[in-house]
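here is my input; please provide its structure:
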Amino acid sequence: MAKIKKSTSAHRQPPKSTYTISWSEEKRRTLAAAVITSQKPDTKWKTVARLWGSVHSDDASGIGNEKVLIARLRGQWGDKTHNSKRQWLSIPQTAEDLERQDPEPMRRFRTAVAGATLVDAAAILPETPRRPSRDVDDTPHTPPQSSDGRVTKQAPPATTTTTPLAVLADPFLTPIEDEIVVRSEHFSNQPLALSKTAQLQLQYAARLRESRSTDFGPYSIVPAEQAHPPTPSLFFRFYEPGATHVVNAPLENGFISGIFSGTNGGFTAPLTHDAEFLFTLIEHHVNRSAVLTPFVSVSNDFYWCMRNAVKKAAVGKEIRVSIIDGRAAAGDDGSKAYHLKAYSGQIRSRRAYKNGGWRPAGNSEFLIWGRIPKEAVVCDFAVGDFLGTCRSNKAFGDVFRAHYFESAGATNIIRRIMSQDHPELNLVTITTICDLFRCMYSSTTTQSFPKEEYITKLVSDIVQGWQIKPKRELSRPEWLALGQNFAETLCQKFDLPPMTTTHRNLARAFLFGMLSGFGDLNWQSDDSLKLKMIANAKAYGLEDPDIMYAAQDNPIIASIRSCMWENVSPSHARLIGPDAPTQVPIRSQGVVKRILSGAASSSGPATPVETRPSSRTPGTTAIKEVKHSRTVRIFDAVVIPRMLPTPAVSENGSPSRPGGVLDKAMVMIDKDEDGGYEMADYDEEE
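Okay, here's the model as predicted:
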């Protein structure tokens, strides 16, 4: 059978375009708007190319081919996540930011994607060039005839062009839409290979459709200990001054949530942790939607807060960071602070967030109800001052390495990268940490010097986030010397006179911060993380700071605290409690029983002791048939001496002379190997 040869055209593939798009900020912003407004995953990039080409028609015409244009646009969009592409740092990445900076393209694109009418399409996309249709009226032309039947000579009829309604109604028509006839096996109808980002977007869209079409029922009740964990001593909040969904005036009015920003009658009480409406409010808040919520976002991780603040400051935004007292913000009982991690799990599992994406778990984020009063704001500083110090002070920049914060990637990945070249804990590093304290307390209205608990929290977050560790195991005197150096340097930075008591407390707070910094985030709520933290600290020679200082002051206190610091097995304390006689070892039960019975007989009628009959001698009592060794028998033969009778109880004596009645003592003598004992009188020698 003869093989049929495939018919191939002269152009096996579309000609490669040599046209170069000169990318500007406006073109990138248009591309971002087109990508965000495109909804259908199957035609997403085709829609993006049409939307972008409708605005920048010269570049679209220069490319001359839709597939080539799609490839160029996808490549440029993929570069926004590359570290070396700084051009995308100033381009908004969310719909809210785009609408705020340039709302016109977003409005036009959304109307076009929603399916504009013929009139609306022409009004929305006026700059879209229209190519005349090549469809000609194919009705047979009949030349006019005269009355006598002869054909009248006239000019040839003009070509009548008609534009199909479907073509005009398409609001995305661009100059590059030429029909391409594929006759080669190299151009099958197989879909183009998608990038990793495009594949994730398709997965997000599928999850979004599936989750919104599923009825999950009511949310599960969140336990109170998860919704309101122990309040940290400090919260952190980065913000952009100006009008946002939250009133940001920390030193004047504090922080006020959007839903309460215009109220004059005060604030309502916070919802209980098991209120289901909390899930709806939290979803709107995390989505950054236009719906106002009663929350103010804060974090208990200083490193996470600074990383996000520096990222926003790198694109030219004015960002500030406030340090907030945790108990003053969360309330005395902590009911005003909701841990996002307790609620985000259920929201993520059943409902996709905005654009089909999944928000972070919220391990370090807390939502404060209503407002954060200005009295709770400890201090406030500009991120620009922090970055300026990193550039001007080499030691400061080497420790905090702000250039890592501008890199793309998750915070835990950046933290892991920074841990590979962590700075050494020494006198220079301690001086740098004190410089950061001085920078943070540049603007404050409540305190001029950090409290001890604030020092512990800040040092813990700095050591944990920036991975500041010693290069070897340090001895106890070396750790105490580092704490003393920190206290002296901090007092010098704040122009405080040297005081021995103050130095000891500051050094102790520093060492506790170092100890906590060797643990993971939120180690307070996990016993396994606590043990891990202690193990890491011991590996560097760091113990309980109280024990370290007590060893110098009072060795007895140091020994007691050292015993309490170690892990004591519960079996060592089983003799404690009212049931101690029933918990003693078997070999000592007989002795204890006789002591108790003897004490009872001397004071009054004996209380019968429940015993089980012996299997060998019926009617007699026995503890247990245990064969004791000779050492045990000698040890158990204990003589308990009696006190001499006092004059008050003497029968024959006087108040100044004891009576002459001979005293007797109880002697426990081993009778046999069955564990039985007998009482014998012992006459005192004259």
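
which residues touch the nearest residue to Glu283 once chain neighbours are set aside?
Closest residue in space to Glu283, ignoring its immediate chain neighbours: Ile347 at 5.5 Å, by Cβ to Cβ, 6 or more residues apart in numbering. No exception for glycine: its C-beta is placed from N, CA and C like everyone else's. By Cβ atoms under 8 Å, 6 or more residues apart in numbering, the residues touching Ile347 are 279, 282-283, 286, 353.

beyond the helix or strand containing Ile347, next helix or strand please.
In this assignment (DSSP states H and E), Ile347 forms part of helix 341-350. Per DSSP H and E, the first helix or strand lying C-terminal to helix 341-350 is strand 365-369.

helix 341-350 and that following strand, what's the angle between them?
110 degrees (axes from the mean of the first three to the mean of the last three Cα atoms, to 10 degrees).

residues of the host helix or strand of Leu31 that come out buried?
Per DSSP H and E, Leu31 falls inside helix 25-37. The neighbour-count criterion (16 or more other Cβ atoms under 10 Å) identifies 27-37 as the buried residues of helix 25-37.

could I get these as a markdown table with pLDDT?
Listed next are those as a markdown table, based on pLDDT from 0 to 100:
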| residue | pLDDT |
| --- | --- |
| Lys27 | 86 |
| Arg28 | 85 |
| Arg29 | 84 |
| Thr30 | 87 |
| Leu31 | 86 |
| Ala32 | 86 |
| Ala33 | 86 |
| Ala34 | 86 |
| Val35 | 85 |
| Ile36 | 84 |
| Thr37 | 82 |
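
and these as TSV, adding distance to Lys469?
Output for those, formatted as TSV (distance: Cβ to Cβ, whole Å):
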residue	distance to Lys469
Lys27	47
Arg28	42
Arg29	44
Thr30	48
Leu31	44
Ala32	41
Ala33	46
Ala34	48
Val35	43
Ile36	43
Thr37	48
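
out of the residues you listed, which is nearest to Leu506?
Ala32 (49.6 Å; Cβ to Cβ).

that closest one contacts Gln93, correct?
Yes - using Cβ atoms under 8 Å, Ala32 is in contact with Gln93, at 6.9 Å.

sorry, back to before: CSV please, covering the contacts of Ile347 and showing secondary structure, pLDDT and neighbour count.
Shown next, in CSV, are the contacts of Ile347 (DSSP: H, G, I helix; E, B strand; the rest coil; pLDDT from 0 to 100; neighbours: other Cβ atoms under 10 Å):
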residue, secondary structure, pLDDT, neighbour count
Phe279, helix, 88, 19
Ile282, helix, 88, 22
Glu283, helix, 84, 20
Val286, helix, 84, 23
Tyr353, coil, 62, 20
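
those: which two are farthest apart?
Farthest pair in the contacts of Ile347, by Cβ to Cβ: Phe279 and Tyr353, 12.5 Å.

where does the stretch 51-200 of the chain have low pLDDT?
Applying pLDDT under 70 to the stretch 51-200 of the chain flags the ranges 80-86, 115-192.

just the helices in the stretch 401-550 of the chain please.
411-418, 427-440, 452-466, 476-493, 500-517, 527-539, 545-553 (DSSP state H, counting those that start in this stretch).

so who does Ala337 touch?
If you count contacts by Cβ under 8 Å, 6+ apart, then Ala337 has 228, 231, 326, 329-331, 366-369 around it.

among those, which one sits closest to Lys471?
Out of the contacts of Ala337, the member with the shortest distance to Lys471 (by Cβ to Cβ) is Gly326, at 33.3 Å.

gap between that closest one and Ser299?
11 Å (Cβ to Cβ, to the nearest Å).

any residues in contact with both of those two?
With Cβ under 8 Å, 6+ apart, Gly326 and Ser299 have common neighbours Phe235.

now do the domain split for this protein, please.
25-131+162-180, 224-392, 418-569, 581-602+609-646+659-680 (automatic domain parsing).

give me whichever of those domains is most buried.
domain 224-392 (a mean of 18; mean count of other Cβ atoms under 10 Å).

need the distance between the two termini of that domain.
Taking Cα to Cα, to the nearest Å, domain 224-392 runs 47 Å from one end to the other.

and for stretch 328-342?
22 Å.

quick check: mean pLDDT of it?
Averaged across stretch 328-342, the pLDDT comes to 92.

how near is the spatially closest residue to Glu365 that is not a sequence neighbour to Gln464?
Nearest residue to Glu365, sequence neighbours excluded (Cβ to Cβ, 6+ apart): Leu340, at 4.3 Å. Distance, Leu340 to Gln464, using Cβ to Cβ: 20 Å.

same question for Pro103.
42 Å.

ok, now Ser297?
Taking Cβ to Cβ, one finds Ser297 at 21 Å from Gln464.

also Ser54?
51 Å.

got the angle between the helix or strand where Ser322 lies and helix 427-440?
Assessed by DSSP H and E, Ser322 sits inside strand 320-325. With the same axes, to 10 degrees applied, the angle from strand 320-325 to helix 427-440 works out at 90 degrees.

send me strand 320-325 as PDB with only the CA atoms.
Extracted in PDB, the C-alpha atoms of strand 320-325 (Å, rounded to 0.1, in the frame of the first residue of the first chain):
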ATOM      1  CA  ARG A 320       7.200  52.600  59.500                       C
ATOM      2  CA  VAL A 321       7.300  49.900  62.300                       C
ATOM      3  CA  SER A 322       5.600  50.100  65.700                       C
ATOM      4  CA  ILE A 323       6.500  48.000  68.700                       C
ATOM      5  CA  ILE A 324       3.400  47.400  70.800                       C
ATOM      6  CA  ASP A 325       2.900  46.100  74.300                       C
END
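
any idea of the mean pLDDT in it?
94.

partner strands of that strand, with direction?
strand 234-239 (antiparallel), strand 377-382 (antiparallel) (DSSP bridges).

still on that earlier bit, including distance to Leu194, could the domains of the chain go into JSON lines?
Formatted as JSON lines, the domains of the chain follow (distance: least, Cβ to Cβ, whole Å):
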{"stretch": "domain 25-131+162-180", "distance to Leu194": "9"}
{"stretch": "domain 224-392", "distance to Leu194": "15"}
{"stretch": "domain 418-569", "distance to Leu194": "33"}
{"stretch": "domain 581-602+609-646+659-680", "distance to Leu194": "69"}
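
out of these, flag the one nearest Ala410.
domain 224-392 (8.4 Å).

one step back: compare the helices of the stretch 401-550 of the chain and say which comes out lowest on pLDDT.
Going by mean pLDDT, the lowest-scoring of the helices of the stretch 401-550 of the chain is helix 545-553, which has a mean of 80.

and that one with helix 476-493, angle?
100 degrees.

tell me what helix 545-553 is packed against?
Identification of packing neighbours for helix 545-553 by 3 or more Cβ pairs under 8 Å, 6 or more residues apart in numbering; DSSP states H and E yields helix 476-493, helix 500-517, helix 555-565.

list the buried residues of stretch 208-227.
In stretch 208-227, counting by 16+ other Cβ under 10 Å, buried: 208, 211, 219, 222, 227.

what's the most distant pair in these?
Leu208 and Ala227 (27.0 Å).
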